[in-house]
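# Take a look and give me a structure for this.
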Amino acid sequence: MAKQRTDGSGTDTPAVQSRATPRRAPESGIELPAEVASTTQPRFAALWATALYLAAALSLGFPAFSGKFLVGPNSDQYIAGYAFREFGASMLRQSGDFPLWNPYLFGGMPYVAAMHGDIFYPTFLLRMFLPTDVAMTWGFIIHLFLAGVFTYFFLRSTGFGFFGSLFGGMAYMMSGQLASLVAPGHDGKLFVSALFPLALWMLTRGVGDGKKWSWGVLALAIGLAVLSPHPQLLQYMLLASGAYTVFLAVSTGKAQEFERRDVIVRLAFALGAVTLGLAMGAIQYLPVREYVAWSPRAGGLADYAQATSYAWPLKEVFDAYLPQFSGMTDRYWGENGIHLHSDYIGVVTLVMAGAGLVLSKREARRGLIAFWAVTFVIAFLWALGGHTPFYRLPYAIVPGTKYFRAPATVFFVGAMALAVLSASGVERILTRRTGPRYAFGWLGFAVLVALLGSLGGLTNIAQSFAPANAVDVVVANSLEVNKGAWRSLGFVLAAVILILLYRRGKIPLAATGFALALLAAFDSWTIMRGYWIFSPPASVLYAADPAVEHVKRATQPARVLALELERSGFRDSNLGGDGLMIHRVRTVLGYHGNQLGRYNALLDKDRGFQQILNPNVWQLLNVKYFLTNTTEIQGLFRDAKLVVGPVKDAAGATVYLYRLPGENPYAWVTPLIVKAEDDAVLGTVLNPRFDVRRAALFSADAAVTAPPSVSALPEPLSIQASVRSYAPGKVSIALSAPAPAGSALMVSENYYPGWRAEVDGRDAPVGRADYSLMGVQLPASARNIELTFRSAPFERGRLITLVAIALALLVTVYGTIAERRKVA
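Predicted structure coming up:
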């Protein structure tokens, strides 16, 4: 059986660890035993660490206490995230269940299958008792805090002492890879990044230490990452965790007190925990799996160039030391066009990480350091994407990679590697195994960079890298680069002074350990605070205006085409996002990215949605209103009549609401059903000479009956279809007269499997018609139609998820009881 050791801190030390004792010397300033750094800690060490991480998180998020909303004008949360979550929370409170259909964007789409953020992640519980904007704000703050806490306990579990672990947790949570994610609003990335060290901690306790309770917690960590839901970072988390598991197994297997059978059993439990965790995501990913064939990414990304877009350019790697080099936020001049987060690691963290990168035979954690050094190199090369040949390898062999772009997002794994190395570096400094030469080397480098900044050298280098159209931005950014270079020098100098004073015995070990962690936090805080942008509460940010109120007063459903025709210099969620969804106004477009692929084709997305100017599209999509910020529209929308405006909207834009020509009803009855191939249908419905009221063009595989041949199209019917009630996924329609045999009801809602129709109380065939919309075959004399949307994959997935969560909790409880009995 495996044996277990504990160190003086009371923290279990993995049996995979071996300790080498360095030479001892009683004199101050001479190398100390490694155990000094591992065992020296304050009372209530975990509480101290937790308090410091909480303080660091709140130092960035404190405006939340005054009710402000953690969202900026460039945030995905401002443009779309709030609308997604407010809708989900509102529907869940009203009906007691999750919504399955979102009718407000891009002609309608499945809410779960098309993905709308953290629908099932535990943050949805916050939205049940807090206003949605408050819950979203605290979701960011809580997960930044948890990232530090989980990293601390992971590092302790590997044998690091208090101060090394404290520093590593601070370095990870305050790195740009995590702390700046609030600016673009990438909560899913932050969720997975925070769960990553929890998974590593549980793997260490399970594979390395044999703790039975860890398998249930590991399953929960994986399950939460699946439900985040950010499949790309989930992939990276699983790959890195898998590699770490192999490292633990090999390290454990080499220990003489372990039998091979123990290692194999632990690996089997780890695999079982991951499988159970993946099963927890069934409620989200079974619907997603069905949706893949309907999504715009059904065949993967277009090519390698698109898959490597938004990689980390080599010329911008210097941002890890000098974040102002390629320009922060709106001063960015790099090749990616936009750069809303920061790649800053922290100069204090870099100094500590360099000190920890020692692979000598005397180093107790040589294997662990080597593993994370290699992990850092792989994560770094992966993040560079197409800038090196390396990315060809994962692109070719790693499943799912062809569906993702932005390979730079992998670098949260690199940030974790640096956190481990920095923890090692802190312990080497506290045991005086890092000499003055190393510290002075960093100081010399920092002085050189500062001088280059002052003399314009860094600006000249940036100008040589920048695109021709960004040279002016580089010049305008030169002062920031200069100040940033001296700022970085200041923190390097502070770290060097701490190291030298401690070596000379001027500062106690505990004071030095705390000071290094606080210095690293302050270093990152001076940069990250610029990314924590707060706005007024959502009630102010998304307030209704007279144009919105006019649309809401309509007695029948109507869509709005919202476009910003005149550049304003700021983002308006009503004109370029999902702000109207908050007011339950259906829009032709919106901001999502995973809307139905055929809807994109109907509007010709590849050519800038140019079909939105087609009157046939207005009829098909129930478009009655046009909302914009200019009166110069006659060249695009002839015969449109101004009904509201000019008025100011919540974003401060002056807007105008126009009524487009035509009735453009939500539903209409056609006298004829025709079945045809998609290409023919698309060309026909977009042809202005085709009257969409004269025939419903169903897909060739639709379960409807069509006449074998048609010699001529009949005239439109005079029957009116009125909507009696309308709710997401549930519509009731009444006809003004009995429908004739062979007719069909066309509904201005995208078709997707799960739509069901009842006509006068009996099931009726439903299919995809007019390329993307929903059509219902009507029996003779039909008068009343009920449409409902259900999702069989969702129901199956919900059951699997609940069972998986219950099993994980049972494993955790059983493992805890078993461990206590073993100790007793």
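
# Let me know the pLDDT of G337.
Looking at G337, its pLDDT reads 88.

# now it, what's its secondary structure?
Recorded secondary structure, G337: coil (DSSP: H, G, I helix; E, B strand; the rest coil).

# and it, how many neighbours does it have?
Using other Cβ atoms under 10 Å, G337 has 10 neighbouring residues. In this view, the C-beta of every residue, glycine as well, is placed from N, C-alpha and C.

# same thing with G435?
Using other Cβ under 10 Å, G435 has 13 other residues around it.

# ok, now how distant is it from I533?
For G435, the distance to I533 (Cβ to Cβ, to the nearest Å) stands at 43 Å.

# Which of the three states applies to D639?
coil.

# For it, give me its contacts.
L660, P661 (Cβ atoms under 8 Å, 6 or more residues apart in numbering).

# per-residue confidence averaged over the longest helix along the chain?
For the chain, the helix with the greatest residue count under DSSP state H is helix 792-823. Mean pLDDT, helix 792-823: 94.

# quick one: the residue located most distally from the centre of the chain from L672, how far?
Most distant from the centre of the chain: S711, at 53.2 Å, with distances by Cα atoms, centre = their mean. From S711 across to L672, the span is 11 Å (Cβ to Cβ).

# For the residue farthest from the centre of the chain, grab phi and psi.
Here is the backbone geometry of S711 (degrees, to the nearest 10): phi -90, psi -30.

# Give me the pLDDT value at it.
The predicted local confidence for S711 is 85.

# Now name the helix or strand holding E786.
Applying DSSP states H and E as the criterion places E786 in strand 784-789.

# again, but for A194
A194 belongs to helix 187-203, assigned by DSSP H and E.

# Which SSE is immediately downstream of that helix?
helix 213-226.

# What is that following helix packed up against?
Counting contacts by 3 or more Cβ pairs under 8 Å, 6 or more residues apart in numbering; DSSP states H and E, helix 213-226 is packed against helix 187-203, helix 231-254, helix 260-280, helix 792-823.

# Now do it, average pLDDT.
Mean predicted lDDT for helix 213-226 stands at 98.

# Compute the inter-axis angle for it and helix 792-823.
160 degrees (axes from the mean of the first three to the mean of the last three Cα atoms, to 10 degrees).

# low-confidence ranges in the stretch 501-650 of the chain?
The stretch 501-650 of the chain contains no residues with pLDDT under 70.

# what about the nearest residue to A320 once chain neighbours are set aside, neighbour count?
In this structure, A320 finds its nearest non-sequential neighbour in I345, 4.5 Å apart by Cβ to Cβ, 6 or more residues apart in numbering. By other Cβ under 10 Å, 26 other residues sit near I345.

# I345 and G176 touch, don't they?
Yes: here I345 reaches G176: they are 6.9 Å apart, a contact under Cβ atoms under 8 Å.

# And G597, how far from N614?
Distance from G597 to N614, by Cβ to Cβ: 19 Å.

# What residues does the closest residue to R85 other than its chain neighbours make contact with?
Spatial nearest neighbour of R85, excluding adjacent residues (Cβ to Cβ, 6+ apart): T132 at 5.3 Å. When contacts are counted by Cβ under 8 Å, 6+ apart, T132 is found next to Y82, R85, E86, A89, A538.

# Remind me what the longest helix of the chain packs against, helices and strands.
helix 213-226, helix 260-280, helix 282-291.

# Off-centre distance for that helix?
Relative to its parent chain, helix 792-823 has a centroid offset of 26 Å by Cα atoms, centre = their mean, to the nearest Å.

# go on, stretch 55-65?
21 Å.

# go on, stretch 338-351?
19 Å.

# And that stretch, end to end?
Distance across stretch 338-351, first residue to last, is 29 Å (Cα to Cα, to the nearest Å).

# What residues of it count as buried?
339-351 (16 or more other Cβ atoms under 10 Å).

# farthest pair in those?
For the buried residues of stretch 338-351, the farthest-apart pair by Cβ to Cβ is L340 and V351; their separation is 27.3 Å.

# Quick check: the residue nearest the centre of the chain vs L144, distance?
For the chain, the residue sitting closest to the mean C-alpha position, by Cα atoms, centre = their mean, is G188 at 3.1 Å. Using Cβ to Cβ, we find G188 at a distance of 14 Å from L144.

# One more: G281?
Counting by Cβ to Cβ, the separation of G281 from L144 is 23 Å.

# what does G435 give?
From G435 to L144 the distance is 35 Å (Cβ to Cβ).

# which stretches of this protein have low pLDDT?
1-30, 33-34, 37-38, 253, 255-257, 299-302, 824.

# Okay, domains of it per the record?
What automatic domain parsing lists as the domains of the chain is 5-31+117-527, 538-659, 667-790.

# Please export the alpha-carbon coordinates of the helix or strand harbouring E427; CSV is fine.
Element membership for E427 (DSSP H and E) is helix 411-430. What follows is the C-alpha trace of helix 411-430 in CSV, where atoms were taken according to Å, rounded to 0.1, in the frame of the first residue of the first chain:
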residue,chain,number,x,y,z
PHE,A,411,-2.1,31.0,-22.3
PHE,A,412,-4.0,30.7,-19.0
VAL,A,413,-2.2,27.4,-18.9
GLY,A,414,1.0,29.3,-19.4
ALA,A,415,0.0,31.7,-16.6
MET,A,416,-0.4,28.7,-14.3
ALA,A,417,3.0,27.4,-15.3
LEU,A,418,4.5,30.7,-14.4
ALA,A,419,2.6,30.6,-11.1
VAL,A,420,4.2,27.3,-10.2
LEU,A,421,7.7,28.5,-11.3
SER,A,422,7.2,31.7,-9.3
ALA,A,423,6.2,29.7,-6.2
SER,A,424,9.5,27.8,-6.6
GLY,A,425,11.4,31.1,-7.1
VAL,A,426,10.0,32.6,-3.9
GLU,A,427,11.1,29.6,-1.9
ARG,A,428,14.6,29.7,-3.4
ILE,A,429,14.8,33.4,-2.5
LEU,A,430,13.5,32.8,1.0
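
# Between helix 187-203 and it, find me the angle.
50 degrees.

# Quick check: next helix or strand after helix 411-430?
By DSSP H and E, the next helix or strand past helix 411-430 is helix 436-454.

# one step back: so the residue nearest to the centre of the chain versus L54, what's the distance?
Taking Cβ to Cβ, one finds G188 at 23 Å from L54.

# and if you look at T431?
Distance, T431 to L54, by Cβ to Cβ: 29 Å.

# L589 now?
L589 is 42 Å from L54, by Cβ to Cβ.

# Settle it for me: which of those two has more neighbours?
Neighbour count, other Cβ under 10 Å: between L589 and L54, L589 has more, with 23 against 16.

# Contacts only, for that one.
Contacts of L589 (Cβ under 8 Å, 6+ apart): L105, F106, L561, A562, L563, L603, F609, I612.

# Can you tell me which of these is nearest L314?
For the contacts of L589, the minimum distance to L314 (Cβ to Cβ) is 35.3 Å, reached by F609.

# Pull the contacting residues for the nearest residue to that closest one once chain neighbours are set aside.
Excluding its sequence neighbours, the residue lying closest to F609 (Cβ to Cβ, 6+ apart) is L603, at 4.6 Å. Residues near L603 by Cβ under 8 Å, 6+ apart: V588, L589, F609, Q610, Q611, I612, V617.

# That'll do, ta.
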